[in-house]
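Student: Turn this into a model:
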Amino acid sequence: MEASGGDESWDDASEMAEEDEREEPEKPDTWEDIYGRLRDKRGNIIRDNNTGAAATGEAAADGVAALRPRGDRLEAAGANPQMDKLQKRLKGLLNRLSESNVIAIAREIEGLFRENSRHLMTTCLIRLMLTSLVRVEPIPERILTDHALLVAILNSSIGSEVGAVFMEEFVEKYNELIASIDGLDARSDEGKEMNNLLQFFCYFYHFKITESDLIYDLLMELGELLNEKRVEAILVMLKVVGFALRKDNPLRLKELILLLQQKASAGGEAAKEAKEQSRVRFLLDVMMTMKNNNMSKMATVDRDYLERLVKLFRSCCKGSGTNTLNIRLKDFRDAKTKGKWWIVGSSWRPAEAAEEAETEKQPVALDAVSDAKLGELARKQRMNTDVRRAIFAQMMTSEDYVDAFEKLLKLGLNRQQERELVHVTIHCCLQEKPFNPFYVHLAQRFCHYDRRFKMSFQFAFWDKIKELARLSKDNVRNLASMLARLIEDASLPLSVLKTVSFGDMDRVKMRFLRAIFVHLCSKLSSENLEAIVGRVTAAPKLKLFRESVRLFVQHFVLAKKSDDEDSSLLSEEQKERAQLVVRLLSSGASTVKL
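Tutor: Numbering: from 1, shown residues only. Prediction:
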């Protein structure tokens, strides 16, 4: 009886084990982890046989191949039932995508990101967008714009890795297309994949997913060989982002124009054939139109529709930010050897990049100024060191502020010498008899170039504010004009004035501060003025500064002082904006009784 009872319990246990085995889903032979690495059933990483790293476990026994290309992984992913179900749901959302429901669809996709892995979601989205947007027939502009806006919202809300993966996949697709477009006829409707892909990429720049460097890299590579298909691709990109690129980085636009002119006029049969084509001549005309900033003569996209979507995007990402990525084309192509620095947790090899940067950067020797007249002028301006004289010479001999910015960067100054650059810029601006905006534009370029220059300018202005009593009337006027324009451009915050001692106000300080606030109320719109003052009202530590500025605007800007020759009457519009400043500074702040 006991033996039979033991046999029955053993049979029950065997049946339960068999049921558990039947219920457990069978694992695939190979699968991909969240970092894109291929693994076998046991979880062992399948490595590349060419690198000498043999596969482990069952993968080594079965001779599993190395890591597959990204496109093959996307195709193999279609065999996953979970992905098929998710892909159908995403396809339904993308088919309904439009300007009116893009935010609702983005929120629904964000919910899917929380329910599923990011790798699975990005793979499905990339596969669907590549299939629907990168097609042989031309895709309407609004469809490309709506999809780019959706990616931008997800990049802002989910994380920058979403936009990074999209750009990585599209660069791989671009690498495939660039090798095949030379044999296609640009006048036919066949082979429009490159145009659709590049146009979609350009909308990434409008929605702040990427910087202008990547767009310029693509344009420069397309301009290396001028055939009809490449010229058409360049024209498509310039149609979308031409004038925006000119505003963002005119130096690289100048390099692009010189490259295209050189390729069009180069010798050889291929270059002569390209020069005879009307498309190349039309491209050169378009480039000169952009150089002259003549928007009326150049066909562009629907600017009204694009601006509406850009405003919609800004309203969506107020709390999370834009998560803009400055990844170059070379970074994407070197990802397999140097790693992906833009992905958190990914390996990266910066040594080679640092060596390349050192070889490319060749500092200019800080020689003495050779020109006798320039040397005498530098001596009169008390440029008593070699560094100051070199900086002064580059400024005085430059064609414009863009040329001066480029020359000063090529000096290869260290951190200590960069402070001298800021000092010379402010000093020269103060010495001009009529105010010269050249130095303001140069300072704006440096402030937007790197944050360390912004901090250096802020410290330099603090030193000058302490010396207001020793400055001449022209120096004070130029200092106020320069600082007001930097605050207007958001190169420096309004809190740069927090070192001013409002308690012992004298005539010099009053004129200095009044000139700044009158300029801001005259040049800024109500929205921009509210944005600049709003940064001060949001900082709890600046409570005393807010109260001081509010009282100053009330008593010295809005009120007319008859005994002060510099106190001119404000226009009605200026008074309204000054009152707006008082209201903004009064909100949430305690009242100081005089």
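
Student: number of nearby residues for the residue lying closest to residue 160 once chain neighbours are set aside?
Tutor: Leaving aside its sequence neighbours, residue 160 sits nearest to residue 323 (CB to CB, 6 or more residues apart in numbering; 4.0 Å). For every residue, glycine as well, the C-beta is placed using N, CA and C. Other residues lying near residue 323 total 20 when counted by other CB atoms under 10 Å.

Student: just use 32 as the starting number from now, easier for me
Tutor: With 32 as the first residue, the last one maps to residue 354.

Student: ok now do residue 354, which residues does it touch?
Tutor: Residue 354 makes contacts with 186, 187, 190, 191, 194, 240, as judged by CB atoms under 8 Å, 6 or more residues apart in numbering.

Student: Now for the fourth one: which residues touch it?
Tutor: Read that as residue 191. 354, 356, 373.

Student: Do I have it right that the second one meets residue 372?
Tutor: No. With contact defined as CB atoms under 8 Å, residue 356 does not count as touching residue 372 (10.4 Å).

Student: Quick check: phi and psi on the residue nearest to residue 191?
Tutor: The phi and psi torsions at residue 354 (degrees, to the nearest 10) take the values phi 60, psi 50.

Student: Which element, helix or strand, includes residue 62?
Tutor: Assessed by DSSP states H and E, residue 62 sits inside strand 61-63.

Student: returning to what we had before: quick one, which of residue 356 and residue 372 is more surrounded?
Tutor: For residue 356 versus residue 372, the count of surrounding residues by other CB under 10 Å is larger for residue 356: 19 against 15.

Student: Quick check on the more buried one: phi, psi?
Tutor: Here is the backbone geometry of residue 356 (degrees, to the nearest 10): phi -110, psi 130.

Student: Neighbours of residue 134, how many?
Tutor: Residue 134 has 16 neighbours, counted by other CB under 10 Å.

Student: any idea which element it lies in?
Tutor: Per DSSP H and E, residue 134 falls inside helix 133-146.

Student: buried ones in that helix?
Tutor: 133, 134, 136, 137, 140, 143, 144 (16 or more other CB atoms under 10 Å).

Student: Pipe those into TSV and attach pLDDT and distance to residue 551 per row.
Tutor: Shown next, in TSV, are the buried residues of helix 133-146 (pLDDT from 0 to 100; distance: CB to CB, whole Å):
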residue	pLDDT	distance to residue 551
133	91	36
134	91	34
136	92	41
137	92	36
140	92	42
143	91	46
144	90	42
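
Student: on that earlier part again, tell me the two of the contacts of residue 354 that are most distant?
Tutor: Taking CB to CB as the measure, these span a maximum distance of 12.2 Å, between 190 and 240.

Student: Between those two, tell me which one has more neighbours.
Tutor: More crowded of residue 190 and residue 240, by other CB under 10 Å: residue 240, with 26 against 15.

Student: hmm, who's touching the helix or strand containing residue 247?
Tutor: Using DSSP H and E, residue 247 maps to helix 243-253. Outside of helix 243-253, the residues within contact range by CB under 8 Å, 6+ apart are 198, 205, 209, 229, 232-233, 236, 261, 264-265, 268-269, 272, 275-276, 279-280, 283-284, 286-287, 290, 357-361.

Student: Got the phi and psi for residue 240?
Tutor: Backbone torsions of residue 240, given as degrees, to the nearest 10, read phi -80, psi -40.

Student: burial measure for the residue nearest to it when sequence neighbours are not counted, as a count.
Tutor: Using CB to CB, 6+ apart and skipping the chain neighbours, the partner closest in space to residue 240 is residue 194 (4.4 Å). When counting by other CB under 10 Å, one arrives at 27 neighbours for residue 194.

Student: What residues of the helix or strand residue 194 falls within count as buried?
Tutor: Assigning secondary structure by DSSP H and E places residue 194 in helix 191-209. Of the residues in helix 191-209, 191-205, 208-209 count as buried by neighbour count, 16+ other CB under 10 Å.

Student: ranges for the helices of the stretch 382-531 of the chain?
Tutor: Along the stretch 382-531 of the chain, counting by DSSP state H, counting those that start in this stretch, helices occupy 403-411, 417-427, 432-440, 446-462, 469-480, 482-497, 504-519.

Student: between those helices, which gets nearest to residue 317?
Tutor: Once these are compared by CB to CB, helix 432-440 is nearest, at 21.3 Å.

Student: Might you calculate how far the closest one sits from the centre of the chain?
Tutor: Averaging C-alpha positions (CA atoms, centre = their mean, to the nearest Å) puts helix 432-440 21 Å from its chain's average.

Student: quick one: it to helix 469-480, angle?
Tutor: Per axes from the mean of the first three to the mean of the last three CA atoms, to 10 degrees, the angle that helix 432-440 makes with helix 469-480 is 60 degrees.

Student: Of all the residues in helix 432-440, which ones are buried?
Tutor: Neighbour-count burial for helix 432-440 [16+ other CB under 10 Å]: 432, 433, 435, 436, 438, 439, 440.

Student: Leaving out the residues flanking it, which one is nearest to residue 339?
Tutor: residue 130 (7.2 Å).

Student: Where does the prediction get shaky in this structure?
Tutor: The model of the chain has pLDDT under 70 over residues 32-59, 63-68, 78-111, 213-222, 297-308, 324-331, 350-352, 375-402, 591-599, 619-625.

Student: Let me see the ranges of the strands in it.
Tutor: 61-63, 69-71 (DSSP state E).

Student: Residue 151: which of these is closest?
Tutor: Between residue 151 and the strands of the chain, the tightest spacing by CB to CB is seen for strand 61-63, at 9.7 Å.

Student: can you pull the contacts of the residue most central in space within the chain?
Tutor: Nearest to the mean C-alpha position of the chain, by CA atoms, centre = their mean, lies residue 242 at 3.6 Å. Applying CB under 8 Å, 6+ apart to residue 242 gives the contacts 236, 355, 356, 357.

Student: Okay, the first one and residue 344: tell me how far apart.
Tutor: If you measure residue 236 against residue 344 using CB to CB, to the nearest Å, the figure is 13 Å.

Student: so residue 456 touches residue 472, yeah?
Tutor: No. Counting by CB under 8 Å, residue 456 does not reach residue 472; the two are 10.6 Å apart.

Student: Looking at these two, which has the bigger crowd around it?
Tutor: Between residue 456 and residue 472, counted using other CB under 10 Å, residue 456 has the larger neighbour count: 26 against 16.

Student: Tally up the residues packed near the residue lying closest to residue 475 once chain neighbours are set aside, please.
Tutor: In this structure, residue 475 finds its nearest non-sequential neighbour in residue 522, 4.9 Å apart by CB to CB, 6+ apart. Counted with other CB under 10 Å, residues neighbouring residue 522 total 21.

Student: separation between residue 522 and residue 281?
Tutor: 18 Å.

Student: list the buried ones in the helix holding residue 247?
Tutor: Buried residues in helix 243-253 (16+ other CB under 10 Å): 243, 244, 245, 246, 247, 248, 249, 250, 251, 253.

Student: quick revisit: OK, contacts around the residue nearest to residue 339?
Tutor: Residues counted as contacts of residue 130 (CB under 8 Å, 6+ apart) are 173, 177, 336, 339, 340, 343.

Student: Just the buried residues of those residues.
Tutor: Using 16+ other CB under 10 Å as the burial test, these include 177, 340 as buried.

Student: Residue 145 versus the closest residue to residue 512 other than its chain neighbours, what's the distance?
Tutor: Counting by CB to CB, 6+ apart, residue 466 is the residue found nearest to residue 512 once chain neighbours are left out, at 5.0 Å. As judged by CB to CB, residue 466 and residue 145 stand 55 Å apart.

Student: now swap in residue 336 and tell me
Tutor: Taking CB to CB, one finds residue 336 at 31 Å from residue 145.

Student: Surely residue 516 is in contact with residue 553?
Tutor: No. Assessed by CB under 8 Å, residue 516 is found out of contact with residue 553, at 11.6 Å.

Student: Of these two, which one has the most company?
Tutor: Using other CB under 10 Å, the more surrounded residue of residue 516 and residue 553 is residue 516, with 22 against 15.

Student: tell me the contacts of the more buried one?
Tutor: Residue 516 makes contact with 468, 471, 475, 550 under the criterion CB under 8 Å, 6+ apart.
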